[in-house]
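1. generate coordinates for the sequence data below:
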Amino acid sequence: MAIDGQSHKLVQACDTRWLSNAGSVQVILQHYCAILLALESIYVTAGNLSSDAGGLLLTLKKPSTLFLITLLHEVFEPLARLSKCLQSSEGNISSAMAIAKAVTDRISCLDLDKIHALATATQQKIITAGGKMVSDDDISLPQQTMVAKNYIKTIVTNLRMRFSDAVSDLSIMHNILHEKPADADFSKVAAVLQMSNDELELEWHILRRMPGDLSSNAAMLDLALSGDKQSMFPNFSAACRKLLLLPIGTASVERSFLTMNRIMNSQRCRLNPAHIRQLMQLSKKDQTFVPWTKKVWTSLNQIKMQISVY
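-> Numbers count the residues shown, from 1 in each chain. This is a model prediction of the structure:
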C-alpha cells in the first residue's frame, strides 16, 4: 500500500516498449505525492542513500519536472494504443497505417497550454495532500514550452519516417479490394511496385466482379498463391504477395519463438525440425490442442493409478 492509501506498483520502463514507458509515467503521476513523501523519509533516515534521495527529491519538487512528466503522459498514451494495435495478430498493414496516421496527427496537435493547466492542477492536488513543491524553478515557462515543442517535433518526425508514404500508398490497395470501386486509382500503387498502371486497371475490371471481400487474408492469399489467379491476374498476384509480406510488428514472430520454446525444451530436445514445425503449426492453428492434451494425460494418469491399485 502506498502512503496515500492506494496499492500500486512502479513499472520499470523499457527502451523499446512504449507500453512500459506509458505505464511508468502513469504510475508516477498517479502517486506523485506518495513518491515525494517517501523520498523525504529516505533523505532523513537512510544515511548513505540520503544524497541520492535528496537530489531526486529536489528534481521532482520543481514545477518544470511535473510539467515534463505530464507531457510524457500525453505523448505516451496514444503511442501505447498504437503499440497494442501493432501487437495484434489480427491486424493488417492498412488498418495499422490508418491508426499510425491518427496517432501522429494527435501528437502533433497537442495543446501545450492545456498540458500546463493539467500540471498546475496536479501540483495543487499534491500540495493539498501534504506534498511540498518549490516555487523557484531553473527552467522558465517559455523554456519549458520550447523544450516541449522540440520533443513533440522529434516524436512526430520519427513516426512519419517509420510509417513512410510509400507504405501508405501500398496500403491503399486494401481499401480498393474491400470497396471494389469501378474507377479505382492505381497510380500510387503502380509507382511503388514499379508496375504498369494500365495493366492493373485492365485486371481490375475483371477482378472487381468476383464475389466476396477481396481484402480478407484468405482472398488475398488465394490471389497471391493460386495458380489460376496468378495466370489471370499476374500484377495483382504479385502486388498481394508483397502486401502480405509487409509486417506491422514483431509480436507474431515473438509468439512463434515462445511457442517453439514451449515445445522444445531441456526435457524434450530430440525432436527433429520437421516434427517441431508440425507441432508449432498444430499449436498455432488450434489453441484448444493444449487443454485437450492436458485432459488426455490426466485421464491416462488416472488409468495408471487404477491399474496400480489392482
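2. okay, and the helix or strand of this protein with the least pLDDT?
-> Of all helical and strand segments in the chain, the minimum by mean pLDDT, DSSP states H and E falls on helix 289-309, at a mean of 57.
3. report how many residues lie close to T59.
-> T59 is flanked by 11 other residues according to other CB atoms under 10 Å. Just so you know, the C-beta spots here come from the backbone N, C-alpha and C atoms, and that holds for glycine as well.
4. can you check L71 too?
-> 22.
5. tell me the contacts of it?
-> Shown in contact with L71 (CB atoms under 8 Å, 6 or more residues apart in numbering): 110, 112, 115, 148, 151.
6. just N158 next, same as before
-> Per CB under 8 Å, 6+ apart, neighbours of N158: none.
7. care to break this structure down by domain?
-> Segmentation of the chain into domains, based on automatic domain parsing, reads 18-163, 166-245, 251-309.
8. for A121, give its distance to S140.
-> Plainly put, A121 is 20 Å away from S140 if you go by CB to CB, to the nearest Å.
9. what's the answer for R162, then?
-> R162 is 33 Å from S140, by CB to CB.
10. can you check A191 too?
-> Taking CB to CB, one finds A191 at 49 Å from S140.
11. over to M220?
-> Distance of M220 to S140, given as CB to CB: 55 Å.
12. now swap in V147 and tell me
-> Between V147 and S140 the computed distance is 11 Å (CB to CB).
13. so these two - more neighbours on which side?
-> Taking neighbours as other CB under 10 Å, V147 and S140 compare with V147 leading, 15 against 10.
14. quick one: average confidence on the helix ranked longest in the chain?
-> Looking across the chain with DSSP state H, the single longest helix is helix 63-87. Averaging pLDDT along helix 63-87 yields 87.
15. now the helix or strand following it: buried residues?
-> Per DSSP states H and E, the first helix or strand lying C-terminal to helix 63-87 is helix 93-108. Residues of helix 93-108 classed as buried: 93-94, 96-97, 99-100, 103-104, 106-107 (neighbour count, 16 or more other CB atoms under 10 Å).
16. which of the residues you listed lies closest to V25?
-> Nearest to V25 among those: I107, at 14.6 Å, using CB to CB.
17. I'd say the closest one and V156 touch.
-> Yes: using CB atoms under 8 Å, I107 is in contact with V156, at 5.8 Å.
18. this protein: strands as residue ranges?
-> In the chain, no segments count as strands under DSSP state E.
19. pLDDT below threshold where in it?
-> Within the chain, the segments meeting pLDDT under 70 span 1-18, 46, 49, 88-94, 165-168, 246-255, 283-310.
20. ok, now how distant is the residue nearest the centre of it from N265?
-> By CA atoms, centre = their mean, the chain has its centre lying nearest to S83, at 1.2 Å. The spacing between S83 and N265, counted by CB to CB, is 29 Å.
21. for L170, grab the count of nearby residues.
-> 22.
22. got it, and the one 10 residues further on?
-> K180 is flanked by 15 other residues according to other CB under 10 Å.
23. quick check: it touching H205?
-> No: the criterion here is CB under 8 Å, and K180 misses it with H205 at 11.1 Å.
24. contacting residues around the residue lying closest to L60 once chain neighbours are set aside?
-> Using CB to CB, 6 or more residues apart in numbering and skipping residues adjacent in sequence, the residue nearest L60 is L36, 6.0 Å away. Applying CB under 8 Å, 6+ apart, we find L36 in contact with 57, 60-61, 126, 131-132.
25. was I right about S215 contacting L177?
-> Yes: S215 lies in contact with L177 (CB under 8 Å); the separation is 4.0 Å.
26. so between these two, which is more surrounded?
-> For S215 versus L177, neighbours defined as other CB under 10 Å are more numerous around L177 (24 against 18).
27. and the more buried one, how far is that from L86?
-> In this view, L177 and L86 are 22 Å apart by CB to CB.
28. now K242
-> As judged by CB to CB, K242 and L86 stand 19 Å apart.
29. and these two? Which one has more around it.
-> Shown here are K242 and L86; by other CB under 10 Å, L86 has more neighbours (17 against 13).
30. these two touch, right, the more buried one and S95?
-> No: between L86 and S95 there is no contact under CB under 8 Å: 10.3 Å.
31. need the contact partners of stretch 128-138.
-> With contact meaning CB under 8 Å, 6+ apart, stretch 128-138 is reached by 4, 32-33, 36-37, 40, 58, 61-64, 66, 123, 126-127.
32. mind checking how far the nearest residue to V44 once chain neighbours are set aside is from V134?
-> Using CB to CB, 6+ apart and skipping residues adjacent in sequence, the residue nearest V44 is S50, 7.2 Å away. As judged by CB to CB, S50 and V134 stand 18 Å apart.
33. compare the two and say which one has the larger neighbour count.
-> Higher neighbour count among S50 and V134: S50, with 15 against 12, using other CB under 10 Å.
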